[in-house]
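Novice: the sequence isn't on hand, but the structure is:
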């Protein structure tokens with residue numbers, strides 16, 4: 001077996017034993033992570049800005065919570081249908097070109113959403129946005145797996161996931177400010193300006209990704225030859241360790257072998273709980289705050305931005321601790337348990353704005369922490385050939401819950417006049433995911449080697 005401290009670069013054996021790997025991966029992180037995080041921030045802003053726009057849509061087009069919930073659902077329908085096909089092209093086209101295509105298309109769809117004028121066009125726009133964004137998340141995780149071995153990747157995944165709470169902070173403040181400042185300008189409503197202005201950045205970012213990122217360490221001219229060789233050695237050794245602990249014939253051959261692997265299905269069912277929780281945080285926070293008595297769109301944006309602030313700090317702490325201990329299951333399970341408790345407490349809060357915002361902050365922190373650690377599990381378990389497809393399958397399974405829960409919550413709110421019952425049902429689904437994660441995924445399936 002080859003020495004993991006040596007590798008090949010342009011078919012030449014290079015001694016990598018003296019390479020400062022910490023400095024090398026820090027260089028990589030500084031090069032690729034800021035742009036990836038910005039892309040993820042913009043992605044989530046364009047996905048969830050509908051929560052702030054809902055007030056304008058209800059005022060101008062008469063969209064109630066049922067219409068809103070179905071619109072959110074149709075986003076995930078498009079997302080589900082095209083997630084695996086989009087991700088299956090990753091290994092062939094490369095993550096960079098895939099991300100460019102996705103970002104440019106979702107930017108165009110977001111701008112076009114400003115033209116919706118009835119329920120049918122609203123539903124079409126949300127469905128097409130889901131189609132456009134399909135594959136971005138697994139594409140980004142696959143990209144990280146081509147640069148960071150698993151023992152270093154959770155920290156990078158945590159940084160990447162920081163885009164979610166950052167988008168909650170910036171998106172809420174930006175969306176509220178745009179709607180307040182541009183309402184009525186040039187004959188466009190506030191929500192129309194929102195979609196036009198927030199649809200332009202992903203188109204510009206698509207160009208930046210094309211010019212700034214490369215797919216493999218061997219293509220990185222900003223690393224020295226010995227650094228490129230060291231990274232390749234670490235990645236190759238990582239794949240050999242994973243292959244040694246996997247069941248032969250499972251998890252290594254793309255779509256069909258991933259479908260035959262029961263652990264992919266277990267993780268995918270756990271993702272249903274994660275996405276149910278994600279929807280409660282991402283799409284319903286503005287509605288919950290509005291129900292507590294906050295009516296002004298600028299105030300709504302401000303209060304909606306507060307919970308993600310705590311989420312950023314807690315998520316990074318939990319991700320770092322998970323990397324330090326190389327423990328994944330309990331970090332995710334405990335985070336989700338706290339989130340479920342917060343959801344139940346939120347359903348009984350009585351509508352006090354201060355209490356609601358505090359509980360939403362706890363909910364957001366627990367959600368982001370659990371999601372960060374949870375999504376390090378598929379890339380640790382799956383082999384290189386199955387990584388993109390396996391992550392896409394897990395994401396697609398979670399998206400089924402994401403597709404169902406908004407319509408369910410919207411129907412419950414319209415029927416009962418409150419989101420309380422919907423939050424309690426969502427908490428139960430999250431707790432089932434906790435049990436399944438701890439029982440179905442064994443610690444021995446997630447063996448990792450500490451970084452050099």
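Specialist: Great, that's in hand. Small disclaimer: the values here were computed from a predicted structure and weren't measured. Residues are numbered from 1 along each chain as shown.

Novice: residues contacting stretch 394-412, please?
Specialist: 65-70, 72-74, 76-77, 79-80, 83-84, 137-138, 264-265, 267-269, 271-276, 278-280, 283-284, 378, 419, 421-422, 425-426, 429 (C-beta atoms under 8 Å, 6 or more residues apart in numbering). Any C-beta I mention is one placed from the backbone N, CA and C, and that applies to glycine too.

Novice: meant to ask about stretch 430-440, not that
Specialist: With C-beta under 8 Å, 6+ apart as the contact definition, stretch 430-440 has outside contacts at 263, 266, 269-274, 276-277, 329-330, 332-333, 336-337, 339-340, 343, 374.

Novice: and the one helix or strand residue 373 maps to, how far from the chain's centre?
Specialist: Assessed by DSSP states H and E, residue 373 sits inside helix 353-374. Helix 353-374 sits 15 Å away from the centroid of its parent chain (C-alpha atoms, centre = their mean, to the nearest Å).

Novice: over to stretch 207-223?
Specialist: On C-alpha atoms, centre = their mean, the centre of stretch 207-223 falls 23 Å from that of its chain.

Novice: show me which residues of it are buried.
Specialist: 209, 213, 214, 215, 217, 220, 223 (16 or more other C-beta atoms under 10 Å).

Novice: and what of stretch 299-307?
Specialist: 300, 301, 302, 303, 304, 305, 306, 307.

Novice: ok, now stretch 278-285?
Specialist: Applying 16+ other C-beta under 10 Å to stretch 278-285 flags 278, 279, 280, 281, 282, 283, 284, 285 as buried.

Novice: show me what the helix or strand where the first one lies is packed up against.
Specialist: Read that as residue 278. Using DSSP H and E, residue 278 maps to helix 262-282. In terms of contacts (3 or more C-beta pairs under 8 Å, 6 or more residues apart in numbering; DSSP states H and E), helix 262-282 is packed against helix 21-48, helix 163-182, helix 329-347, helix 353-374, helix 377-381, helix 384-416, helix 420-440.

Novice: and of those helices, who's closest to residue 110?
Specialist: helix 21-48 (4.7 Å; C-beta to C-beta).

Novice: on contacts alone, who are the packing partners of that closest one?
Specialist: Using 3+ C-beta pairs under 8 Å, 6+ apart, helix 21-48 sits against helix 95-112, helix 119-133, helix 136-145, helix 150-161, helix 163-182, helix 190-212, helix 225-244, helix 262-282.

Novice: and the first one, average pLDDT?
Specialist: Read that as helix 95-112. Computed over helix 95-112, the mean pLDDT rounds to 90.

Novice: also the fourth one?
Specialist: Within the predicted structure, the mean pLDDT of helix 150-161 is 76.

Novice: who touches that helix?
Specialist: Residues contacting helix 150-161 (C-beta under 8 Å, 6+ apart): 25, 29, 33, 36-37, 40, 140-141, 144-145, 148, 238, 242, 315-316, 318-320, 322-323, 326, 328, 368, 371-373, 375-376, 379-380, 448-451.

Novice: ok and it relative to helix 136-145, angle-wise?
Specialist: 140 degrees (axes from the mean of the first three to the mean of the last three C-alpha atoms, to 10 degrees).

Novice: remind me what the very next helix or strand once past the helix holding residue 278 packs against, helices and strands.
Specialist: Using DSSP H and E, the helix or strand that follows helix 262-282 towards the C-terminus is helix 285-291. With contacts taken as 3+ C-beta pairs under 8 Å, 6+ apart, helix 285-291 sits against helix 50-61, helix 297-325, helix 353-374.

Novice: how far off centre is helix 285-291?
Specialist: Chain-centre distance of helix 285-291: 22 Å, with C-alpha atoms, centre = their mean.

Novice: what sits up against it?
Specialist: By C-beta under 8 Å, 6+ apart, helix 285-291 touches 51-52, 54-55, 65, 168, 172, 300, 303-304, 307, 346, 351, 353, 356-357, 360, 364, 413, 418-419.

Novice: what mean pLDDT does it get?
Specialist: 76.

Novice: same question for stretch 361-376.
Specialist: For stretch 361-376, the per-residue pLDDT averages 85.

Novice: before we move on, what about stretch 202-214?
Specialist: Averaging pLDDT along stretch 202-214 gives 92.

Novice: cool, and stretch 38-57?
Specialist: Per-residue scores along stretch 38-57 average to 85.

Novice: and that stretch, how far apart are its ends?
Specialist: 27 Å (C-alpha to C-alpha, to the nearest Å).

Novice: buried subset of the contacts of stretch 430-440 as a ChimeraX selection?
Specialist: A single ChimeraX command is used to select the members of these judged buried by 16+ other C-beta under 10 Å:
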select :263,266,269,270,271,272,273,274,276,277,329,332,333,336,337,339,340,343,374
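
Novice: mind putting the helices and strands packed on helix 285-291 into CSV with distance to residue 103?
Specialist: Formatted as CSV, the helices and strands packed on helix 285-291 follow (distance: least, C-beta to C-beta, whole Å):
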stretch, distance to residue 103
helix 50-61, 18
helix 297-325, 22
helix 353-374, 21
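
Novice: what's the closest of those helices to residue 185?
Specialist: helix 50-61 (13.6 Å).

Novice: now the element after that closest one, going C-ward?
Specialist: helix 65-88.

Novice: now that next one against helix 50-61, angle please.
Specialist: 130 degrees.

Novice: list the buried residues for helix 65-88?
Specialist: 65, 67-84, 86-88.

Novice: now stretch 186-193
Specialist: So for stretch 186-193, counting by 16+ other C-beta under 10 Å, buried means 189, 190, 191, 192, 193.

Novice: against residue 19, how distant is the fourth one?
Specialist: The one in question is residue 192. 53 Å (C-beta to C-beta, to the nearest Å).

Novice: just the first one next, same as before
Specialist: Using C-beta to C-beta, residue 189 is found at 57 Å from residue 19.

Novice: where does the stretch 251-400 of the chain dip in pLDDT?
Specialist: 251-258, 260, 283, 295, 297, 379, 381-389 (pLDDT under 70).
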